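Engineer: the amino acid sequence is not available; the structure is as follows:
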């Protein structure tokens with residue numbers, strides 16, 4: 001067992017579904033992200049991991065159309081983040097690095113997705129390291145290094161959306177139910193919100209890039225078979241670029257859950 005308080009890294013070799021369900025339920029009660037290594041799924045890995053995830057919430061069954069990005073519900077579905085050589089229009093299918101963001105930053109309330117599950121089926125031959133940082137680390141660093149930015153992150157409402165469709169409006173940092181939340185996606189900030197939002201958008205992007213350069217952000221390379229559970233509203237995640245030529249040279253699957261209390 002390793003990692004910081006918000007990020008736990010666990011070797012789970014030999015654990016069956018029931019043991020993993022109990023472990024993930026216990027660890028996610030206190031952590032923002034849990035990385036599980038060396039699991040040995042029985043049968044189909046996606047079915048195996050969905051069964052593990054069911055222990056912490058109700059499946060949201062949200063996927064995004066690969067062409068339009070529009071969200072929809074598809075019971076039992078996973079969403080593939082698959083390298084495709086002819087799809088340079090989308091981070092989902094490209095091999096370039098992806099800036100820190102939260103997946104649900106721009107989704108409307110009816111498509112809420114609080115807990116994410118990533119399962120890596122195939123890693124690229126090089127690169128593709130995952131980047132994670134929790135909201136508390138971002139807030140503490142901003143408060144100390146950029147107090148004006150911190151003020152904006154906690155007070156300026158930002159309207160997010162995708163493909164012209166309106167989504168969530170929220171301050172980047174907020175507190176709900178006693179937990180610090182973060183909501184961010186640079187490319188999904190809707191235009192025309194005024195100078196204050198424009199300044200925040202550019203300043204926060206540069207600030208996060210410096211956090212990565214300074215080693216404040218956790219950086220690790222998932223191996224094939226690894227899984228990560230994380231609270232999408234309490235961490236930002238991204239990735240470094242990677243080497244790939246053929247379709248599926250890097251393949252990650254993701255799905256989402258809502259805590260049972262929130263879904264009721």
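Structural biologist: Received it, and whenever you're ready, just let me know what you need. Predicted model only: the values in this text are computed from it and were never measured.

Engineer: could you pull out the helices for this structure?
Structural biologist: Assignment of helices within the chain using DSSP state H yields the ranges 17-28, 45-53, 135-145, 147-155, 195-213, 260-263.

Engineer: possible to save those helices as TSV with mean pLDDT and mean neighbour count?
Structural biologist: For glycine as for every other residue, the C-beta is placed from the backbone atoms N, C-alpha and C. Output for the helices of the chain, formatted as TSV (pLDDT from 0 to 100; neighbours: other Cβ atoms under 10 Å):
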stretch	mean pLDDT	mean neighbour count
helix 17-28	96	17
helix 45-53	95	19
helix 135-145	98	19
helix 147-155	98	16
helix 195-213	98	16
helix 260-263	59	12
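
Engineer: out of those helices, the one nearest residue 37 is which?
Structural biologist: Residue 37 sits nearest to helix 17-28 of all the helices of the chain, at 12.0 Å, using Cβ to Cβ.

Engineer: other residues contacting the closest one?
Structural biologist: Contacts to helix 17-28, defined as Cβ atoms under 8 Å, 6 or more residues apart in numbering, come from residues 8, 10, 12, 15, 34, 36, 39, 42, 48, 51-56, 115, 229, 231.

Engineer: out of the residues you listed, which end up buried?
Structural biologist: Buried residues within these, counting neighbours by 16 or more other Cβ atoms under 10 Å: 8, 10, 12, 15, 34, 36, 39, 48, 51-53, 55-56, 115, 229, 231.

Engineer: quickly list what the closest residue in space to residue 92 that isn't next to it in sequence is bridged to.
Structural biologist: Leaving aside its sequence neighbours, residue 92 sits nearest to residue 81 (Cβ to Cβ, 6 or more residues apart in numbering; 5.3 Å). When bridges are called by DSSP bridges, residue 81 pairs up with residue 252.

Engineer: could you count how many residues lie near residue 81?
Structural biologist: Residue 81 has 18 neighbouring residues, counting by other Cβ atoms under 10 Å.

Engineer: quick check: it touching residue 254?
Structural biologist: Yes - counting by Cβ atoms under 8 Å, residue 254 is a contact partner of residue 81 at 6.4 Å.

Engineer: wait, residue 56 sits on residue 259?
Structural biologist: Yes - with contacts counted by Cβ under 8 Å, residue 56 reaches residue 259, the gap being 7.1 Å.

Engineer: okay, and the common contacts of these two?
Structural biologist: residue 115.

Engineer: OK, contacts around residue 242?
Structural biologist: By Cβ under 8 Å, 6+ apart, the contact set of residue 242 is 83, 95, 124, 126-128, 250.

Engineer: which among these end up buried?
Structural biologist: 83, 95, 124, 127-128, 250.

Engineer: show me the two of those residues that sit farthest apart.
Structural biologist: Most distant of those, by Cβ to Cβ, are 83 and 127, 11.1 Å apart.

Engineer: any common contacting residues for the two?
Structural biologist: Shared contacts of residue 83 and residue 127 (Cβ under 8 Å, 6+ apart): 95, 242.

Engineer: was I right to think residue 60 contacts residue 254?
Structural biologist: No - between residue 60 and residue 254 there is no contact under Cβ under 8 Å: 10.9 Å.

Engineer: measure residue 53 to residue 222 for me?
Structural biologist: According to Cβ to Cβ, to the nearest Å, residue 53 stands 17 Å off from residue 222.

Engineer: then residue 21?
Structural biologist: Applying Cβ to Cβ, the value for residue 21 to residue 222 is 21 Å.
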